[in-house]
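**Q** kindly generate the corresponding structure for this input.
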Amino acid sequence: MAELKTSIDGGVATVLFSNLPKMNAMSYDMWQAVPKVFARLDADPAVRLIVCAGDGEKAFISGADISQFEKLRGTVEAQIVYNKAVEDAYQAPMNCTKPVVARIRGICIGGGLGFAAACDLRICSEDSIFRMPAARLGLGYSPAGVRRFMNVLGAANTTDIFMSARKFDAQEALRMGFVSKVVPAADLEKEVAAYTRMVSENAPLTVAAAKYAVQQWQKDDKDRDLARAMKMVEACFASEDHKEGRKAFMEKRTPEFKGR
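**A** Numbers count the residues shown, from 1 in each chain. Next up, the predicted model:
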């Protein structure tokens, strides 16, 4: 069954993209479910961070389910509806106020690569394979989607992967800056768990303010809301968490942040 599975361990939620017979290819229903799942987790005060991963050991997301294309993307009108569902799914991790980390193992191509690019950080296993095959399928990629890749990869690397439609491995993904860390496949879950636990223990207001500020600087001048970014910074200084952080530092203990 093609579905999104969610679980919460401590302050870390995991969203598992599951469609094992098709290497976790995204069905239309899965694309539609993404914004709802993220909105629910974002509203949950117990969740400090979200990890996105593929079910099983072979793939993160192998793209959109091509078997549905003839029926759901066969006309211009249908294409518009389908593309909106995909774009809404890509926007979900960016609209989320909490950090979103992609835990990538195996195949990460097409829509999977696009979704990973929309996450805040990406950590992958050594056996991961990446590809943007749009040019091999005759698909047009939206300017907003290309901009997301440029924000992560820069113009030259984005041009390369779109024009060539070639595969690239984990080490090249690291060199290009697409992933922040490459680890042995056997250690991937442990490494990501350690990193996300560390982030989840930090002050939520500070983390949210940093995420928002990074997003604003990736936009054009006219679209930036630096006033809101500054209000988020001011809220950090006025928070109970700031008092707790100072107190814990003086008492040489681990702070217990509440997000307020």
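
**Q** domain-wise, how is the chain divided?
**A** 3-199, 202-251 (automatic domain parsing).

**Q** straight-line length of the longest one, end to end?
**A** Think domain 3-199. Length of domain 3-199, first residue to last, C-alpha to C-alpha, to the nearest Å: 27 Å.

**Q** also the shortest one?
**A** When the termini of domain 202-251 are compared using C-alpha to C-alpha, they are 17 Å apart.

**Q** just stretch 160-169 next, same as before
**A** So stretch 160-169: terminal residues 14 Å apart, C-alpha to C-alpha.

**Q** now that stretch: buried residues?
**A** Within stretch 160-169, the residues that count as buried by 16 or more other C-beta atoms under 10 Å are 160, 161, 162, 165, 168. No exception for glycine: its C-beta is placed from N, CA and C like everyone else's.

**Q** equivalent analysis for stretch 166-181, please.
**A** In stretch 166-181, counting by 16+ other C-beta under 10 Å, buried: 168, 170, 173, 176, 178, 179.

**Q** what's the spacing between residue 212 and residue 205?
**A** Distance, residue 212 to residue 205, by C-beta to C-beta, to the nearest Å: 11 Å.

**Q** neighbour count winner among the two?
**A** Neighbours were counted for residue 212 and for residue 205 using other C-beta atoms under 10 Å; residue 205 has more, 23 against 17.

**Q** residues contacting that one?
**A** Counting by C-beta atoms under 8 Å, 6 or more residues apart in numbering, residue 205 touches 232, 235, 236, 239, 241, 259, 260.

**Q** could you identify the buried members of these?
**A** 232, 235, 236, 239, 241, 259.

**Q** is the third one in contact with residue 244, as I believe?
**A** No: in this structure, residue 236 is not within contact of residue 244 by C-beta atoms under 8 Å, at 11.9 Å.

**Q** hey, what's in contact with both of the two?
**A** Counting by C-beta under 8 Å, 6+ apart, no residue touches both residue 236 and residue 244.

**Q** show me where the stretch 151-260 of the chain has helices.
**A** 155-164, 170-176, 188-200, 204-217, 226-237, 240-251 (DSSP state H, counting those that start in this stretch).

**Q** closest one to residue 19 among those?
**A** helix 188-200 (19.7 Å; C-beta to C-beta).

**Q** need the mean per-residue confidence for the closest one.
**A** The average pLDDT for helix 188-200 rounds to 97.

**Q** just stretch 234-252 next, same as before
**A** Mean predicted confidence for stretch 234-252 is 95.

**Q** do stretch 109-124 as well
**A** 97.

**Q** what's the local residue count around residue 158?
**A** Other residues near residue 158 number 20, with proximity taken as other C-beta under 10 Å.

**Q** skipping adjacent residues, who's closest to it in space?
**A** residue 149 (4.4 Å; C-beta to C-beta, 6 or more residues apart in numbering).
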